[in-house]
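> A predicted structure for the sequence below; I have some questions about it.
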Amino acid sequence: MKKILITGGAGFIGSHVVRRFVNTYPDYHIVNLDKLTYAGNLANLKDVEGKPNYQFVKGDIVDAEFIDALFEQEGFDAVIHLAAESHVDRSIVSPLDFVMTNVVGTVNLLNAARKNWKGNYSSKRFYHVSTDEVYGTLGETGMFTEDTPYDPHSPYSASKASSDHFVRAYHDTYGIDVVISNCSNNYGSYHFPEKLIPLAINNIKNNKPVPVYGKGENVRDWLWVEDHARAIDVIFHNAAAGTTYNIGGHNEWKNIDLIRLLCRIMDQKLGREPGTSEQLITFVTDRAGHDLRYAIDSSKLQKELGWTPSLQFEEGLEKTVDWYLTNEEWLNDVTSGHYQAYYEEQYANR
């Protein structure tokens, strides 16, 4: 039996990865470590919490002593590391939080793995999940490849770039079996409504303004979260040690075009007159250091490991809208007073 530590497993992407591994590999023992901050929610995993091969542990990866003790106690065979502060706007307000979780936390996990595995890395693996934002920004043409130089522009992307470098350094220096993946923007169920798509769905549903930065010209490549979890599964089991793979959805959209499409879908689902929801769009002052365009070239992953995205964006977005409209209790629970206070601070004066 493999015992796998998945960090950040109560978060958006992490919960989908935990669910996939628990359900697909009953012979694996999955330990979900999460600090349960505002974006970590055990309600995301109600459907697997009673499975015999699933275990939840509450803890903070910044606490090195705790992490060392957990590795010593559990004897993990592998780590899939997703725990991270991930919201760019929050990183601009509190950059040190991102340094601590994304950099120090990652190094704590690497140190614990090195101590516990004691140089016997042939049957071990440390999988680090990163972001396309480490590459910086693109013009109107071109795509990020695995060889694109790092050029982060926000405290968030700088912290993730640093963590990527540490993971590679531990492979080169100590011989730990590591793999890294850099993904594009994810969307789908269980996404905390500070991010663009769930925020817009929630606001449209409640007839609140939908904030769009600048003129909405920023372009992102959108990846359905379940396709991302499937890619992580494939990479974890098949990638060679020390390799990096980009994961993208081949779905580039300008933010304003995405929001207008979302408005049309919401009007249809809610029985509103066409064009009603578009009236909620509110342009706000652009954020500092806002990258213009991201686009992922995932051809290496497709050619070497056979992964391809399963959904086109329009289909995936409709599935996502349906999930949020039928899971109002989950949405109401996570839009807490704490989140509302942050929301007001972030957008009220824009």
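Structure's in. What do you need? Keep in mind that this is a model prediction, so the values were computed, not measured.

> low pLDDT regions in the stretch 1-150 of the chain?
For the stretch 1-150 of the chain, residues meeting the criterion pLDDT under 70 lie at 1.

> all strands of it, in order?
Using DSSP state E, counting those that start in this stretch, the strands of the stretch 1-150 of the chain run over 3-7, 29-34, 54-58, 78-81, 125-131.

> got CSV for those, with distance to T106 and mean neighbour count too?
Every C-beta, even on glycine, is put in place using the N, C-alpha and C of the backbone. Below are the strands of the stretch 1-150 of the chain laid out as CSV (distance: least, C-beta to C-beta, whole Å; neighbours: other C-beta atoms under 10 Å):
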stretch, distance to T106, mean neighbour count
strand 3-7, 9, 24
strand 29-34, 13, 25
strand 54-58, 18, 16
strand 78-81, 7, 23
strand 125-131, 7, 24
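
> Please name whichever of the ones you listed is nearest to Y213.
Closest approach to Y213 among those (C-beta to C-beta): strand 125-131, 18.2 Å.

> between the strands of the stretch 1-150 of the chain, which gets nearest to N255?
Comparing these by C-beta to C-beta, strand 125-131 comes nearest, at 17.3 Å.

> Show the contacting residues for the residue nearest to L311 when sequence neighbours are not counted.
Distances taken as C-beta to C-beta, 6 or more residues apart in numbering put W224 closest to L311, at 4.9 Å, once the chain neighbours are dropped. Listed by C-beta atoms under 8 Å, 6 or more residues apart in numbering, the contact set of W224 reads N186, Y187, G188, G249, P309, S310, L311, G316.

> repeat that with 7 Å
Shown in contact with W224 (C-beta atoms under 7 Å, 6 or more residues apart in numbering): Y187, G188, G249, P309, L311, G316.

> in the stretch 201-350 of the chain, which spans are helices?
225-238, 255-270, 299-305, 313-326, 328-334, 337-347 (DSSP state H, counting those that start in this stretch).

> Can I get those in a markdown table including mean neighbour count, distance to L110 and mean pLDDT?
Below are the helices of the stretch 201-350 of the chain laid out as a markdown table (neighbours: other C-beta atoms under 10 Å; distance: least, C-beta to C-beta, whole Å; pLDDT from 0 to 100):
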| stretch | mean neighbour count | distance to L110 | mean pLDDT |
| --- | --- | --- | --- |
| helix 225-238 | 20 | 17 | 98 |
| helix 255-270 | 18 | 35 | 96 |
| helix 299-305 | 15 | 24 | 98 |
| helix 313-326 | 17 | 34 | 94 |
| helix 328-334 | 14 | 31 | 85 |
| helix 337-347 | 13 | 31 | 54 |
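
> Dump those helices to CSV, plus distance to A200.
Formatted as CSV, those follow (distance: least, C-beta to C-beta, whole Å):
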stretch, distance to A200
helix 225-238, 16
helix 255-270, 5
helix 299-305, 29
helix 313-326, 10
helix 328-334, 13
helix 337-347, 12
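
> Tell me which of these lies nearest to S86.
Closest approach to S86 among the helices of the stretch 201-350 of the chain is made by helix 225-238 (13.0 Å; C-beta to C-beta).

> elements contacting that closest one?
Judged by 3 or more C-beta pairs under 7 Å, 6 or more residues apart in numbering; DSSP states H and E, helix 225-238 is in contact with helix 12-24, strand 125-131, strand 178-183, strand 185-187, strand 244-247, helix 299-305.
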